[in-house]
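Undergrad: Okay, structure incoming, though there's no sequence with it:
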């Protein structure tokens, strides 16, 4: 029997058995116990929930922007169509007096060929005035041939006009400001060396 602290070996062993450490602690007393804190386990779940909510908000915003853009595109197309119809109606209103003149000329008996010619000249002048107000101008068909403004229908061998110059106009061409609506159909001179 050992008597160092006043306990026998049997008493010491009984004390050790009663106060025995758990196995994990017995293996390594310096290893910290796992924390069973619910906040640590909840953090990834909270983060995932936030990301899902943010993702849903972005998808909702994208869907709204897409719908808004589609509505804008449809509204813009409708406004353009309405503008075209308005512009066309405005242009057509200017031609109605010419149509009235043609109707009156058709119903009025002509006393002479001169009266018919004067009526046609009046209607032609009205027509050209309306075109001018709309910005339509005739293409000049004189001088040197320009393939950007003229369409050559025939080459005429002649010494009366310089080479590659317009002899005469078969059909008048028109342009709207800087845009060519129809080229003038012309005959062009072809001669050797002039």
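TA: In hand now; what should we look at? Since the model is a prediction, treat every value here as computed from it, not as a measurement.
Undergrad: all contacts plus neighbour counts: C-alpha atoms, from now on.
TA: OK.
Undergrad: Following the helix or strand hosting residue 129 in sequence, what is the next regular element?
TA: Here residue 129, judged by DSSP states H and E, is contained in helix 113-133. Later in the chain than helix 113-133, the nearest helix or strand by DSSP H and E is strand 136-138.
Undergrad: Pull out the buried residues from the helix holding residue 129.
TA: Neighbour-count burial for helix 113-133, counted by 16 or more other C-alpha atoms under 10 Å, picks out 116, 119, 123, 126-127, 130-131.
Undergrad: same thing with stretch 154-163?
TA: Buried residues in stretch 154-163, counting neighbours by 16+ other C-alpha under 10 Å, are found at 155-156, 161-163.
Undergrad: Figure out the length between the terminal residues of it.
TA: This stretch, stretch 154-163, spans 13 Å end to end (C-alpha to C-alpha, to the nearest Å).
Undergrad: Show me what the helix holding residue 129 is packed up against.
TA: Counting contacts by 3 or more C-alpha pairs under 8 Å, 6 or more residues apart in numbering; DSSP states H and E, helix 113-133 packs against helix 38-107.
Undergrad: Check this protein and tell me which residue is nearest its centre.
TA: Nearest residue to the geometric centre of the chain (C-alpha atoms, centre = their mean): residue 73, 8.1 Å.
Undergrad: pLDDT wise, what is that one at?
TA: On pLDDT, residue 73 comes in at 97.
Undergrad: One more: the one 4 residues further on?
TA: For residue 77, the model assigns a pLDDT of 96.
Undergrad: What of residue 109?
TA: 82.
Undergrad: Low-confidence ranges, this structure, go.
TA: By pLDDT under 70, the low-scoring segments of the chain are 1-42, 193-194.
Undergrad: got the contact list for residue 119?
TA: Neighbouring residues of residue 119 by C-alpha atoms under 8 Å, 6 or more residues apart in numbering: residue 105.
Undergrad: From residue 132, how far off is it?
TA: Going from residue 119 to residue 132 by C-alpha to C-alpha gives 20 Å.
Undergrad: before we move on, what about residue 113?
TA: Residue 113 is 28 Å from residue 132, where distance means C-alpha to C-alpha.
Undergrad: Noted, bye for now.
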